[in-house]
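need a structure here:
(one chain, ligands or ions: 1)
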Amino acid sequence: MNESTKLICTLSNKQIKAQFKLLIFNGRSRCPRCGYTKIRRSENRYRCPKCRLPFSLTLGTWLKGMKLPWDKLYLLLDCWLKRMSLDLVPEYAMFAVA
Ligand SMILES: [Zn+2]
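The predicted structure follows:
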């Protein structure tokens, strides 16, 4: 494989997480448990003042429990959407089907 054909992620984890936040909250932050909209940010998580429970950005989505960094998830989704081989992402070459 030619080195120039390898995919790299040019966005930072912070930029990617911000994009996912827009998609997940659809521009309106809300608690996934009770729907309360005045949630607070607490370090890397969110907290609902009504439930008093913390939650992650991915709670209530198919990404719940995800352990991948945002940039790696982005590359995986990008490969999947473009129907590209995982061979093009060096970190995922081990998952590529021969
Ligand atoms: Zn709540």
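
how close does the spatially most central residue of the chain get to the ion?
The centroid of the chain falls nearest to Trp70 when counting by Cα atoms, centre = their mean (4.5 Å). Distance from Trp70 to the ion, counting by Cβ to the ion, to the nearest Å: 24 Å. C-beta coordinates here come from the backbone N, C-alpha and C atoms, glycine included.

swap in Cys31?
Taking Cβ to the ion, one finds Cys31 at 3 Å from the ion.

any idea how many residues pack against the spatially closest residue to that residue that is not a sequence neighbour?
Nearest non-adjacent residue to Cys31, counting by Cβ to Cβ, 6 or more residues apart in numbering: Cys48, 3.8 Å away. Cys48 is flanked by 21 other residues according to other Cβ atoms under 10 Å.

show me where the chain has helices.
Here the chain has its helices, by DSSP state H, at 13-25, 70-81.

give me the buried positions along stretch 14-28.
Of the residues in stretch 14-28, Ile16, Lys17, Phe20, Ile24 count as buried by neighbour count, 16 or more other Cβ atoms under 10 Å.

next one: the first one from Thr10, what distance?
Using Cβ to Cβ, to the nearest Å, Ile16 is found at 10 Å from Thr10.

got it, and the last one?
Here Ile24 is placed at a distance of 22 Å from Thr10 (Cβ to Cβ).

is it true that Gly65 touches Thr58?
Yes. If you go by Cβ atoms under 8 Å, Gly65 and Thr58 touch, sitting 7.4 Å apart.

and these two? which has more neighbours close in?
Neighbours per residue, other Cβ under 10 Å: of Gly65 and Thr58, the larger number sits with Thr58, 15 against 8.

number of nearby residues for the nearest residue to the more buried one once chain neighbours are set aside?
With Cβ to Cβ, 6+ apart as the criterion, Thr58 has its nearest non-adjacent residue at 5.2 Å, and that residue is Lys64. Using other Cβ under 10 Å, Lys64 has 12 neighbouring residues.

so where's the chain uncertain?
Along the chain, the parts satisfying pLDDT under 70 run over 1-9, 89, 91-98.

what parts of it come near the ion?
With the criterion set to Cβ under 5 Å from the ion, the chain comes near the ion through Cys31, Arg33, Cys34, Tyr36, Cys48, Lys50, Cys51.
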